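> Show me the folded form of this:
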Amino acid sequence: MPRPTATKPTDGELEILQCLWQSGPMTVRDVHEQLSKQRPVGYTTVLKLMQIMVEKDLLRRDETERAHVYSPTIARANTRQRLIDDLLERAFDGSAKQLVMHALASRKASAKDLDEIRKMIDDYMRGAK
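Okay, here's the model as predicted:
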């Protein structure tokens, strides 16, 4: 019986989810090849982690073909929101201002990025009125 979906995926699970969100449904071999481009990782490690993710209801497995094909059961946007909510509460005492200020201080933002951030804030403020 599948366990309930975790509040947030582990780092390894998130790497696999990123592969699947970017490329669509894939076999374990495909995921392993993609992850191996970033860092050395064992095939059996990827296989076991993906099996665990099926049990946790983070992935679904299509067994109609010889090579099973996996796809995420959770949306990228929902996962990002859960991770941000968790980070906001745990590291910034719920302060969105502190989170944004720290993010801007940690990496130089391009003029284009800053313009887009200003536009998003303006749009947010118009919607909040």
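> how does this structure divide into domains?
Split into domains by automatic domain parsing, the chain comes to 1-94, 95-129.
> I'd like the distance between the residue nearest the centre of the chain and L20.
Taking C-alpha atoms, centre = their mean as the criterion, L14 is the residue nearest the geometric centre of the chain, at 5.0 Å. Distance of L14 to L20, given as C-beta to C-beta, to the nearest Å: 11 Å. For every residue, glycine as well, the C-beta is placed using N, CA and C.
> Repeat that for N78.
With C-beta to C-beta as the criterion, N78 and L20 are 14 Å apart.
> Tell me which of those two has more neighbours.
L20 (21 against 10; other C-beta atoms under 10 Å).
> That one sits in which helix or strand?
Using DSSP states H and E, L20 sits in helix 11-23.
> Can you give me every residue that contacts the residue nearest to the centre of the chain?
Counting by C-beta atoms under 8 Å, 6 or more residues apart in numbering, L14 touches T79.
> Please identify the most buried of the domains of the chain.
domain 1-94 (a mean of 14; mean count of other C-beta atoms under 10 Å).
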